[in-house]
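when you get a sec, could you give me coordinates for this:
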Amino acid sequence: MVNLVSRSGQCSGCGACLNACPRNAIEMKPDDFGFSYPQISHSLCIGCGRCLRVCPFKVANTFAVSIRAFAAVHRSPGVWRSSSGGTFLALASGVIRKGGVVFGVGWNQDMVAEHMMVDSTDNLYRLQGSKYVQSDQKRCYSVVKELLQKGLEVLYSGTPCQIAGLLKFLGEPYHNLYTVDVVCHGVPSEQMHSAYIKYLEGLLDAKVADMNYREKSNGWSLRLKVDYEKRNVKKSKRFEYSDSYYYYYVEQALTLRDSCYQCPFARMERVSDITLGDYWGVEDYHPDIATRQGVSAVLVNSTKGLELIGLSQGLFLVESKPEWVAAGNGQLTRPSSCDYARREEILMLWREGGARALAAEYKVSLRQRIRNRLVMYTPYTVKDGIKRRLRRVRKSKARCRSVSS
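Next up, the predicted model:
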């Protein structure tokens, strides 16, 4: 076995090549830092070149400018598990009600994030919520193609590169396929995430059964809720984000895949029918929307996207603007960036010492720890009141500047 692609930043690990190979000559194998790359067996390869023809990094992609933008909130209390406003739940439910199926990312029994198919609204909870790790798509693209050819309606959700990989693999448009991508910050490796879970299990002295990276019992925020089993009793624990995994991934962007720093999909033009994300800063543009359960930013990029919106029920939609959405979502205009020398240090530290070594390396100041705890435990009504006052102050200052000028 030899590498088909090296750590050049030109492979997102989508698996399109794996699905396209007619001889099953390609496997996805982790490198030293846990990121999966295609490896090819020359004893099986027939040199057909299909792997290169379906690679979204080797072949030009088709992008579309958003035709509509919305701020959206699901009216159902079931969105508490969703990361933002629950729009994906509404879209997926609409497709299933028509007899279709939905592909998205869920935790398997080993707490590994993988793409899975859901054909019942009762099981959509498995696909809700952010996973903060690259998912294993296995041979989902091949399954999707079979279902589409049978005439079944399919909604496929994932990162932009995963959607691009699916479209390249299919090679032709399907009227019964809907695609939904997310505003993507980038992805750490599955091995790094698994090591992090083991680290948490050591802290809890118990097995982790579920994780919600965007728990919202005290409002729309960034904190982790871990469900675990200890002595046959189910419990849960909430972690403030003075946390090494979160810090090196979200705040410093040091643990992303190589391709994430050169991502050709981090742009306003999109490859999917609909793009979903958090509507950060929504209070500045739509101050009347309640934000406690989160607000989804929805970019509709095609007429099929509008059709998909039409299938959904229970959504409260407010017309917005793509540029307002982009103002709070940097990855709609540029890839994540980082200090590459520091990134290599962190990845090497993880390779040698695992999640425990990263936790030991990470130092949080007393000031930041106090701030985290205030954010975590301050009642939502108080935080919302503070935000509203700050908005009034900003608007007042802006009016004063405009008058003085």
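
any weak-confidence spans in this protein?
1-8, 77-81, 218-222, 240-242, 366, 369, 372-388, 390-405 (pLDDT under 70).

helices of that one, start to end?
Ranges of helices in the chain, per DSSP state H, are 16-20, 50-53, 87-97, 140-149, 160-170, 190-204, 244-246, 282-285, 303-311, 322-327, 340-361, 366-377, 380-404.

by contact count, what packs against the fifth one?
Okay, so that is helix 160-170. Applying 3 or more Cβ pairs under 8 Å, 6 or more residues apart in numbering; DSSP states H and E, one finds that helix 160-170 contacts helix 16-20, helix 140-149, strand 154-158, strand 177-182. In this view, the C-beta of every residue, glycine as well, is placed from N, C-alpha and C.

dump the ones you listed to TSV, plus distance to W107 and mean neighbour count.
Formatted as TSV, those follow (distance: least, Cβ to Cβ, whole Å; neighbours: other Cβ atoms under 10 Å):
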stretch	distance to W107	mean neighbour count
helix 16-20	22	26
helix 140-149	16	18
strand 154-158	15	24
strand 177-182	17	24
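
OK, contacts around F103?
115-118, 140, 144, 154-158 (Cβ atoms under 8 Å, 6 or more residues apart in numbering).

which one of the residues you listed is nearest to C17?
Within the contacts of F103, the smallest distance to C17 is 13.8 Å, found for C140 (Cβ to Cβ).

what segments of the stretch 1-150 of the chain are strands?
In the stretch 1-150 of the chain, the strands defined using DSSP state E, counting those that start in this stretch lie at 2-3, 26-30, 36-40, 68-74, 101-107, 113-118.

follow-up on the earlier one: let's have the helices and strands packed on helix 160-170 in JSON lines, adding distance to V59.
Formatted as JSON lines, the helices and strands packed on helix 160-170 follow (distance: least, Cβ to Cβ, whole Å):
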{"stretch": "helix 16-20", "distance to V59": "10"}
{"stretch": "helix 140-149", "distance to V59": "15"}
{"stretch": "strand 154-158", "distance to V59": "18"}
{"stretch": "strand 177-182", "distance to V59": "17"}
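
nearest to S259, of those?
Of all these, helix 16-20 comes closest under Cβ to Cβ, at 13.3 Å.

run the chain-centre distance for the closest one.
For helix 16-20, the separation from the chain centroid amounts to 22 Å (computed by Cα atoms, centre = their mean, to the nearest Å).

other residues contacting that helix?
So helix 16-20 is contacted by 4, 26-28, 38, 50-56, 139-142, 165-166, 168-169 (Cβ under 8 Å, 6+ apart).

what are the buried residues along stretch 124-140?
Residues 124, 126-137, 140 are the ones in stretch 124-140 that count as buried (16 or more other Cβ atoms under 10 Å).

actually, stretch 345-363.
For stretch 345-363, by 16+ other Cβ under 10 Å, it's 346-347, 350, 354-359, 362.

any chance of the contacts of F103 in TSV, with distance to C338 too?
Shown next, in TSV, are the contacts of F103 (distance: Cβ to Cβ, whole Å):
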residue	distance to C338
H115	27
M116	31
M117	35
V118	35
C140	30
V144	33
V154	35
L155	33
Y156	29
S157	27
G158	23
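
spit out the contact partners of the nearest residue to L308 once chain neighbours are set aside.
Nearest non-adjacent residue to L308, counting by Cβ to Cβ, 6 or more residues apart in numbering: Y178, 4.9 Å away. Residues near Y178 by Cβ under 8 Å, 6+ apart: 91, 95, 153-156, 273-274, 304-305, 307-308.

which residues does C161 contact?
Per Cβ under 8 Å, 6+ apart, neighbours of C161: 12, 14, 56, 184, 259, 263, 265.

what's the closest of these to R342?
Closest to R342, out of all of these and judged by Cβ to Cβ, is S259, at 18.8 Å.

just checking, the closest one touches G9?
Yes. S259 is in contact with G9 according to Cβ atoms under 8 Å; the separation is 5.0 Å.

more neighbours: these two, which one.
S259 (24 against 16; other Cβ atoms under 10 Å).

against P22, how distant is the more buried one?
With distances taken as Cβ to Cβ, to the nearest Å, S259 is found 25 Å from P22.

ok, Q313 - contacts?
If you count contacts by Cβ under 8 Å, 6+ apart, then Q313 has 90, 93-94 around it.

next up, the contacts around A327.
With Cβ under 8 Å, 6+ apart, A327 has these contacts: G281.

and it, how far from M268?
Remark: distance between A327 and M268 (Cβ to Cβ) = 12 Å.

please apply the same query to L358.
Look at L358 and M268: by Cβ to Cβ, they are 34 Å apart.

mind checking which of the contacts of helix 16-20 are buried?
Neighbour counting with 16+ other Cβ under 10 Å marks 4, 26, 28, 38, 50-51, 54-56, 140-141, 165-166, 168-169 as buried within these.

wait, which of those is closest to V282?
For the buried ones among the contacts of helix 16-20, the minimum distance to V282 (Cβ to Cβ) is 29.8 Å, reached by L166.

what sits against the nearest residue to that closest one once chain neighbours are set aside?
Distance criterion Cβ to Cβ, 6+ apart; nearest residue to L166, sequence neighbours excluded, is Y141 at 5.4 Å. For Y141, the contact set (Cβ under 8 Å, 6+ apart) comprises 15-16, 19, 165-166, 169-170.

let's see it at 10 Å
Residues near Y141 by Cβ atoms under 10 Å, 6 or more residues apart in numbering: 14-16, 18-20, 54, 103, 115, 156, 162, 165-170.

could the contacts of Q313 be laid out in a markdown table, adding neighbour count and distance to T291?
Below are the contacts of Q313 laid out as a markdown table (neighbours: other Cβ atoms under 10 Å; distance: Cβ to Cβ, whole Å):
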| residue | neighbour count | distance to T291 |
| --- | --- | --- |
| A90 | 26 | 18 |
| S93 | 20 | 23 |
| G94 | 24 | 24 |
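
and those, which is closest to D110?
Distance to D110, by Cβ to Cβ, is smallest for S93 among those, at 27.6 Å.

what's the closest non-adjacent residue to that closest one?
Leaving out its chain neighbours, the residue that sits closest to S93 by Cβ to Cβ, 6+ apart is T121, at 5.2 Å.
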